[in-house]
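In: requesting a structural model of the entry that follows:
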Amino acid sequence: MRVIAGTAKRLALKTVEGLDTRPTTDRIKETLFNMINMEIPECRFLDLFSGSGAIGIEALSRGASLAVLVEQNKKAAECIRQNLAFTRLADRAVLMQTDVRTALGRLEGEKPFDIIFMDPPYRQNLEWEVLEVLADSSLADEQTLIIAEASLDTEFDYLEALGYSMEKYKKYKTNAHIFIKKSKGSTL
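Out: Residues are numbered from 1 along each chain as shown. Next up is the predicted model:
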């Protein structure tokens, strides 16, 4: 796995051994960032369930002003620290080694992120839990782009009830990226 573009282009990233994380492949990561490339420069980026940190690091390499990476797993958090140091991007990154709910609670009250990316463990309904918290949060507003990486069988039929709309759905062989925004005038 490597950084695709930007200041850290072509640098190889460490990954966590074992099955605790599922790194996003370079091809899928490249497709994702081609789709959001215009929104990255100077953005505030929140990377939930960060794994090796590859998505947040890619955003920083492409010009994000800040990336907050949230990862509970101790080995994965250490991998993120090493990757941030190796890519020389640690000065614009904040690593929170905690669970996502706790991290969102600690971040509450800060200004909205421009992009929130989440790649939670599949089939645990964690996408819904995060979106439920963000519905009432200062961390996301109508301009915030929320991207969920999920298995193909993950349902998002609850989005409207939580005050969101699906902007785009990009399907791959084994997973998908779901692009979500708060609905205009949402009172949630």
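
In: right, and residue 107 touches residue 69 too?
Out: No - applying Cβ atoms under 8 Å as the test, residue 107 and residue 69 come out as separate, 12.0 Å apart. (C-beta placed from N, C-alpha, C; glycine too.)

In: shaky segments in the protein?
Out: Along the chain, segments meeting pLDDT under 70 span 18-23, 185-188.

In: ok, now with 50
Out: 19, 187-188 (pLDDT under 50).

In: any chance you could map the strands in it?
Out: Here the chain has its strands, by DSSP state E, at 44-48, 66-70, 93-96, 115-118, 145-151, 164-171, 175-182.

In: picking that back up, same drill for residue 107 and residue 69, tell me which one is more crowded.
Out: residue 69 (32 against 17; other Cβ atoms under 10 Å).

In: is it correct that that one is in contact with residue 94?
Out: Yes - taking contacts as Cβ under 8 Å, residue 69 lies within contact range of residue 94: 7.2 Å.

In: how about the nearest residue to residue 42, chain neighbours excluded?
Out: Of all residues not flanking residue 42 in the chain, residue 65 sits nearest, at 4.9 Å (Cβ to Cβ, 6 or more residues apart in numbering).

In: and the one you found, what does it touch?
Out: Shown in contact with residue 65 (Cβ atoms under 8 Å, 6 or more residues apart in numbering): 42-44, 92.

In: if you count neighbours, what's buried in the longest helix along the chain?
Out: Determined from DSSP state H, the single longest helix within the chain is helix 74-87. Applying a neighbour-count criterion of 16 or more other Cβ atoms under 10 Å, one finds 76-77, 79-81, 83-84, 86-87 buried in helix 74-87.

In: ok, the residue nearest to residue 40 when sequence neighbours are not counted to residue 108 distance?
Out: Spatial nearest neighbour of residue 40, excluding adjacent residues (Cβ to Cβ, 6+ apart): residue 62 at 4.6 Å. Distance of residue 62 to residue 108, given as Cβ to Cβ, to the nearest Å: 27 Å.
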